[in-house]
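Undergrad: have a look at this fold, sequence not included:
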């Protein structure tokens, strides 16, 4: 157990002189979190409780809601995908009267309903756009996510500058053992090697689909926001079963 002067309390596992493993952290405000930790962050499966009775059970990534989870609010229930603490992808919101909004969400906005309207607009009604029906579908790969590619060797690159070394070498990105005195990843860069460690914890040592083999994933909607949402949904598709089973275990049958 560790206690702080402001009233915060942690009970659980430690490692590397940090919260590492499973534990429970409570704040003097009445908020609490019970679940997995990694390097002082809420990271993995867990449940966050608020004083008003609201709660979130699901996946966390660097202390933010990330992946699939269930959010209990006073007047409604949301089950779906999150990114950086915000709704971001497929989800279902249920209201007290039993009605539901089902579709793709961006923050608090429902941007696409998962329904078909009989007799609605169809591109088949406009022959001038028939080319869009026959061309090869676009594809994306999770391995295309933002990363720094290995550049030519110093002797092979006529425009090689010293600053490039900071982009290519994790050891130069942050001072040695930075995690001992700062875990503020909101303002510090996350190195490639650290990102791999974080992903390994979240995906339980299973790689996200297609990351290593680079196989493409075909998409229908190529607008930038929808591409990001589809990437997020596909990245966490392998965690849906684990998240839902954990939710049922902590809350009981529904």
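TA: Done, it's in. The structure presented is a predicted model; accordingly, all values stated were derived computationally and were not measured.
Undergrad: so where's the protein uncertain?
TA: Scanning the chain for pLDDT under 70 picks out the ranges 115-117, 119-122, 131-168, 204-218, 220, 241-254.
Undergrad: all strands of it, in order?
TA: With DSSP state E, the ranges of strands along the chain come out as 2-3, 9-15, 18-26, 32-38, 41-49, 55-61, 64-72, 77-83, 86-94, 100-106, 109-113, 138-140, 217-219.
Undergrad: okay, those strands in a markdown table with distance to residue 126 and mean neighbour count next?
TA: Where C-beta positions appear, they are placed from N, C-alpha and C, glycine not excepted. A markdown table is the format used below for the strands of the chain (distance: least, CB to CB, whole Å; neighbours: other CB atoms under 10 Å):
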| stretch | distance to residue 126 | mean neighbour count |
| --- | --- | --- |
| strand 2-3 | 65 | 11 |
| strand 9-15 | 60 | 14 |
| strand 18-26 | 57 | 17 |
| strand 32-38 | 51 | 21 |
| strand 41-49 | 48 | 21 |
| strand 55-61 | 42 | 23 |
| strand 64-72 | 38 | 22 |
| strand 77-83 | 33 | 21 |
| strand 86-94 | 29 | 19 |
| strand 100-106 | 25 | 18 |
| strand 109-113 | 21 | 12 |
| strand 138-140 | 20 | 14 |
| strand 217-219 | 22 | 13 |
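Undergrad: what would these look like in CSV with distance to residue 229?
TA: Output for those, formatted as CSV (distance: least, CB to CB, whole Å):
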stretch, distance to residue 229
strand 2-3, 39
strand 9-15, 34
strand 18-26, 31
strand 32-38, 25
strand 41-49, 22
strand 55-61, 16
strand 64-72, 13
strand 77-83, 8
strand 86-94, 5
strand 100-106, 6
strand 109-113, 9
strand 138-140, 11
strand 217-219, 10
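Undergrad: closest to residue 178 out of those?
TA: The closest approach between residue 178 and any of these, judged by CB to CB, belongs to strand 18-26 at 12.4 Å.
Undergrad: residues in contact with that closest one?
TA: Among residues not part of strand 18-26, those counted as contacts by CB atoms under 8 Å, 6 or more residues apart in numbering are 8-15, 32-42, 179, 183.
Undergrad: residue 190 and residue 199, how far apart?
TA: Remark: distance between residue 190 and residue 199 (CB to CB, to the nearest Å) = 11 Å.
Undergrad: neighbour count: those two, which is higher?
TA: It is residue 199, of residue 190 and residue 199, that has more neighbours when counted by other CB atoms under 10 Å, with 16 against 12.
Undergrad: I am finished for the moment; much appreciated.
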